[in-house]
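Enquirer: Mind folding the following:
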Amino acid sequence: MRTVLCSFAWLVAMGAVSSSAQPPEGSQLSAEKNNCFTCHSEEDLWKDETLRLYVSREDVEHDAHFRAGVNCHDCHGGDPTSFDVPVAHSKAGGKQEPGPRPFVFPLGDVFESCVRCHPEPWEALQSGRHAQVSEAAEGASEVMRRCGGCHGDKAHGILPVDDENSPVFGHNQVDRCGKCHTEVVEYRNSVHGQGLVKSGLLVTAVCADCHGAHAVHKAKNPKSTLHVTNVANTCGKCHRFIAERLEKSVHGRGNGPGGMADRAAPGGDERQHPTCTSCHKKHDIDPESSGFRLQLPHRCGNCHEELSSRYAMSMHGQLTELGYGPAAKCSDCHGDHDIVPINDPSSPLAPGNRLDTCRKCHPYAVENFCDFDAHADHTDWEANPTLHLVYVGMEVLLYSVFSFFGLHAVLWFVRSLVHTRKHGRPQRLGARQRAYVRFEPLHRTIHAIVIVSFLGLALTGLPLKYYDQAWAKGLAYAMGGFDSTSVWHRICALTTFFYFAAHLSWLANRVFLQRRERVPWKTILVGPDSPVPNVRDAKDLTRMGRWFAGLGPKPVFERWTYWEKFDYWAVFWGVAIIGSTGLALWFPNLFSRFLPGEALNIAKVIHSEEALLATGFIFAIHFFNTHLRPEKFPMDLSMLTGLVTDGELREERPEHLERMRQQCLGQTSSAGPGDEHPEGVEQIDEEQRLYQVRDTSPSQGVLWAVIWAGFVALGIGLCLLAGMILAGLGG
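Expert: Have a look, this model is predicted:
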């Protein structure tokens with residue numbers, strides 16, 4: 001009796017709480033007339049299989065239905081006014097006027113009441129994707145699987161949607177949806193998810209705000225809130241002012257965002273306006289993230305394919321492909337949601353606004369800088385005739401050099417292989433061996449600096465040239481990205497200018513000293529010690545060609561060969577061309593003060609093509625001529641040690657050897673015309689006289705260190721060459 005009284009008192013209290021805001025739904029039965037809780041709220045009465053009939057008072061206290069006046073019999077049927085169990089659960093109805101519904105059994109059928117009271121959400125649910133229930137819920141009531149799957153598994157504890165403990169409230173909704181949809185991980189990393197999780201913003205969009213609550217459809221379904229024609233309105237519920245700007249832009253005029261356009265997009269074939277999800281894909285919605293920025297040009301390229309491919313050729317596009325987020329993207333120049341035609345005065349790229357737009361990234365930009373074409377295509381004659389002519393000229397130079405020296409290397413390899421197998425290789429330099437000095441310490445030092453700076457330029461510059469290659473992206477990433485490679489590239493460039501200036505200073509001093517000794521200008525310019533090409537070089541080239549064809553003996557050379565002179569002057573050409581164009585790209589604002597903006601486009605093409613010529617020639621032709629031909633394989637140590645053996649000089653440069661001996665003996669001889677020396681004394685005296693042109697090679701340990709350093713440089717160059725060839729083959 002005490003239990004009944006307590007239950008009755010509790011029901012009266014709950015009735016007082018809920019009576020103030022009861023909707024018209026439900027029977028609105030007063031608490032004192034509802035006897036169901038007399039038994040069903042007592043946990044001690046129910047055990048084992050009947051425990052499911054127990055209804056917790058705490059659940060009902062906050063239940064949305066109960067608080068709205070929906071009572072037990074409104075769903076279960078039966079007569080709640082009777083204490084007689086058979087009458088209360090009668091399937092024939094009870095005494096209450098106009099008569100209660102028959103008691104609903106089995107219990108699972110009770111959930112069909114959801115459909116009776118919520119017809120619109122149920123119909124919407126039936127038409128959507130969630131109408132197909134998961135196999136995990138098989139065997140349960142269809143309605144319970146569909147309603148309870150989101151609103152909660154407890155039928156008597158369903159909370160209002162705005163209750164923070166409701167399964168469909170804010171972060172709870174995300175967790176609930178995440179039980180089936182793994183994309184919730186992407187959502188949590190998005191700007192909406194971060195707003196919810198990190199910032200705790202209740203106003204941030206959660207699943208139902210975008211996808212809808214009950215009528216959830218695939219985005220391609222016209223009924224979907226995320227269909228291309230509807231998504232702008234969906235996003236506009238929160239992003240109202242962005243939606244208004246989008247509607248007024250070129251992407252929203254006419255039939256609105258997602259609607260059909262009057263013409264195809266510039267540089268493409270797409271005739272449908274983009275909408276929010278055209279750029280903000282799925283859940284990666286964070287316009288400030290590097291991932292979003294890096295993908296933006298590709299997303300714009302879905303409609304503007306040609307313009308996107310031309311953008312990829314630009315410095316901005318190449319840096320973007322290599323993962324550099326700060327590089328200018330489409331929206332940085334054209335705007336984002338308020339894009340208008342360039343000829344519109346309000347466009348950021350209109351003539352009156354372009355300088356301010358450029359200055360967002362280039363604060364010291366001048367008027368001429370704005371003439372730089374960010375979408376220039378050097379392969380398009382009609383759009384960029386001057387740039388195309390420059391490109392064609394560089395291509396002719398590149399193919400001419402590689403064709404001539406490539407054929408030269410192939411013929412040399414075949415002929416040299418036959419010659420080496422027949423006659424053997426000349427004497428090679430060993431440890432602690434007396435040999436002739438071919439290169440002075442200054443020359444070797446400068447050459448070492450050349451190796452380091454050139455490889456540095458190649459390692460930091462080639463990834464930009466081959467931005468679309470996986471190896472280039474990996475190399476750029478390994479070196480710290482553009483923030484790092486740009487610094488090292490410039491350091492190596494300054495090093496190049498330094499060694500070039502040092503060599504010019506040495507060269508000027510040498511000419512000065514020779515002139516002071518009254519050496520004729522002809523000897524200085526075209527003598528045997530001069531790197532200037534002369535008639536002898538033309539004859540040597542002809543003799544080499546005859547030897548390749550088997551029409552003559554293997555030629556011998558003076559101090560410098562014709563291919564060594566080509567390498568020497570190629571450095572002058574390369575430093576002048578690559579250096580000047582590199583400076584223009586390094587200091588575009590300075591050069592734009594006296595050059596048109598198109599000069600920057602030309603500088604980029606020349607810099608890129610000439611760098612390709614230089615690296616390709618060094619890693620392929622120079623490496624072969626110097627180290628990889630059969631006579632020298634695997635490495636020529638003359639530049640690394642400065643020494644060359646007597647055997648090598650006798651076979652390859654006998655005239656130079658004889659000239660050195662004669663000059664040395666003539667300058668150091670102290671014997672008079674009539675003096676005579678014993679034979680042994682003459683040999684010792686000659687050795688002493690040759691001392692100034694001979695030296696002892698390093699120890700075995702030092703020699704191996706030098707060799708391994710050379711192998712490292714060779715390996716880096718050959719790996720880069722392999723990547724260049726792979727890219728050239730379309731790999």
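Enquirer: Which residue, other than its chain neighbours, is closest to L53?
Expert: Computed as Cβ to Cβ, 6 or more residues apart in numbering, the closest residue to L53 that is not its neighbour in sequence is W46, at 5.4 Å. Yep, even glycine has a C-beta here, placed from its N, CA and C like the rest.
Enquirer: Pull the contacting residues for the one you found.
Expert: Neighbour list for W46: R52, L53, Y54 [criterion: Cβ atoms under 8 Å, 6 or more residues apart in numbering].
Enquirer: Would you mind measuring from it to F37?
Expert: To F37, W46 is 13 Å away according to Cβ to Cβ, to the nearest Å.
Enquirer: The most centrally placed residue in the chain: which element?
Expert: Nearest to the geometric centre of the chain sits G323, at 3.0 Å (Cα atoms, centre = their mean). Under the criterion DSSP states H and E, no helix or strand holds G323.
Enquirer: wait, what's in contact with it?
Expert: Each residue near G323 by Cβ under 8 Å, 6+ apart is listed here: S290, L294, K473, A476, Y477, G481, F482.
Enquirer: same thing but 10 Å
Expert: S290, G291, L294, Y467, K473, A476, Y477, G481, F482 (Cβ atoms under 10 Å, 6 or more residues apart in numbering).
Enquirer: how about the contacts of W46 in JSON lines, adding neighbour count and distance to T420?
Expert: As requested, the contacts of W46 are exported to JSON lines (neighbours: other Cβ atoms under 10 Å; distance: Cβ to Cβ, whole Å):
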{"residue": "R52", "neighbour count": "9", "distance to T420": "94"}
{"residue": "L53", "neighbour count": "11", "distance to T420": "99"}
{"residue": "Y54", "neighbour count": "16", "distance to T420": "98"}
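Enquirer: Give me the subset of those residues lying in helices.
Expert: Within the contacts of W46, no residue falls in helices by DSSP state H.
Enquirer: Point out where the stretch 101-250 of the chain drops to low pLDDT.
Expert: Counting by pLDDT under 70, the stretch 101-250 of the chain has low-confidence residues at 107-108, 111, 132-146.
Enquirer: ok, which stretches of it are helices?
Expert: 113-117, 119-127, 142-143, 149-151, 170-178, 184-189, 191-197, 207-211, 231-236, 240-248 (DSSP state H, counting those that start in this stretch).
Enquirer: The stretch 401-550 of the chain too?
Expert: Using DSSP H, counting those that start in this stretch, helices in the stretch 401-550 of the chain cover 441-465, 470-478, 482-516, 521-526, 535-548.
Enquirer: Now the first one: buried residues?
Expert: Okay, so that is helix 441-465. If you call a residue buried by 16 or more other Cβ atoms under 10 Å, then helix 441-465 has these buried ones: 444, 446-447, 450-451, 453-465.
Enquirer: And for the last one?
Expert: Using 16+ other Cβ under 10 Å as the test for burial, helix 535-548 gives D537, D540, L541, R543, M544, W547, F548.
Enquirer: ok, residues contacting it?
Expert: 407-408, 410-412, 414-416, 419, 526, 528, 533-534, 551-558, 560-566, 655.
Enquirer: CA atoms only for it - export them in PDB, please.
Expert: Taking Å, rounded to 0.1, in the frame of the first residue of the first chain, the C-alpha atoms of helix 535-548 are listed here in PDB:
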ATOM      1  CA  VAL A 535      92.700  25.800 -85.400                       C
ATOM      2  CA  ARG A 536      94.300  22.900 -83.500                       C
ATOM      3  CA  ASP A 537      90.900  22.000 -81.900                       C
ATOM      4  CA  ALA A 538      89.200  21.800 -85.300                       C
ATOM      5  CA  LYS A 539      91.900  19.400 -86.500                       C
ATOM      6  CA  ASP A 540      91.600  17.400 -83.300                       C
ATOM      7  CA  LEU A 541      87.900  17.000 -83.800                       C
ATOM      8  CA  THR A 542      88.400  15.900 -87.400                       C
ATOM      9  CA  ARG A 543      91.000  13.300 -86.200                       C
ATOM     10  CA  MET A 544      88.700  12.100 -83.500                       C
ATOM     11  CA  GLY A 545      86.000  11.600 -86.100                       C
ATOM     12  CA  ARG A 546      88.300   9.600 -88.300                       C
ATOM     13  CA  TRP A 547      89.300   7.400 -85.400                       C
ATOM     14  CA  PHE A 548      85.600   6.800 -84.600                       C
END
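Enquirer: Can you check what angle separates the helix or strand following that helix from helix 482-516?
Expert: Once the chain leaves helix 535-548, the next helix or strand it forms, by DSSP H and E, is helix 562-586. For helix 562-586 against helix 482-516, the angle by axes from the mean of the first three to the mean of the last three Cα atoms, to 10 degrees is 130 degrees.
Enquirer: and the angle from helix 562-586 to helix 441-465?
Expert: Here the directions of helix 562-586 and helix 441-465 differ by 50 degrees (the same axes, to 10 degrees).
Enquirer: for helix 562-586, which positions count as buried?
Expert: Neighbour count says helix 562-586 has 562-567, 570-571, 574-575, 577-579, 581-584 buried, by 16+ other Cβ under 10 Å.
Enquirer: could you point out which element follows it?
Expert: Next helix or strand after helix 562-586 toward the C-terminus (DSSP H and E): helix 588-591.
Enquirer: average pLDDT for that following helix?
Expert: Averaged across helix 588-591, pLDDT comes to 95.
Enquirer: which helices and strands sit right next to the very next helix or strand once past that helix?
Expert: Counting by DSSP H and E, the element after helix 588-591 in chain order, helix or strand, is helix 598-616. For helix 598-616, the elements it packs on are helix 305-313, helix 315-321, helix 385-423, helix 441-465, helix 562-586, helix 588-591, helix 700-728, judged by 3 or more Cβ pairs under 10 Å, 6 or more residues apart in numbering; DSSP states H and E.
Enquirer: Just put the ones you listed in CSV and tack on distance to N625.
Expert: Shown next, in CSV, are the helices and strands packed on helix 598-616 (distance: least, Cβ to Cβ, whole Å):
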stretch, distance to N625
helix 305-313, 33
helix 315-321, 32
helix 385-423, 7
helix 441-465, 15
helix 562-586, 5
helix 588-591, 36
helix 700-728, 13
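Enquirer: nearest to E651, of the ones you listed?
Expert: The closest of those to E651 is helix 385-423. By Cβ to Cβ, the value is 8.9 Å.
Enquirer: Just the buried residues of stretch 309-319, please?
Expert: R310, Y311, A312, M313, S314, M315, H316, G317, Q318, L319.
Enquirer: Out of those residues, flag the one nearest to H334.
Expert: If you rank the buried residues of stretch 309-319 by distance to H334 using Cβ to Cβ, Y311 comes first, at 10.8 Å.
Enquirer: Give me the neighbour count for M260.
Expert: Residues lying near M260 (other Cβ atoms under 10 Å) number 11.
Enquirer: Contact partners for it?
Expert: Applying Cβ under 10 Å, 6+ apart to M260 gives the contacts T229, G254, R271, Q272, H273.
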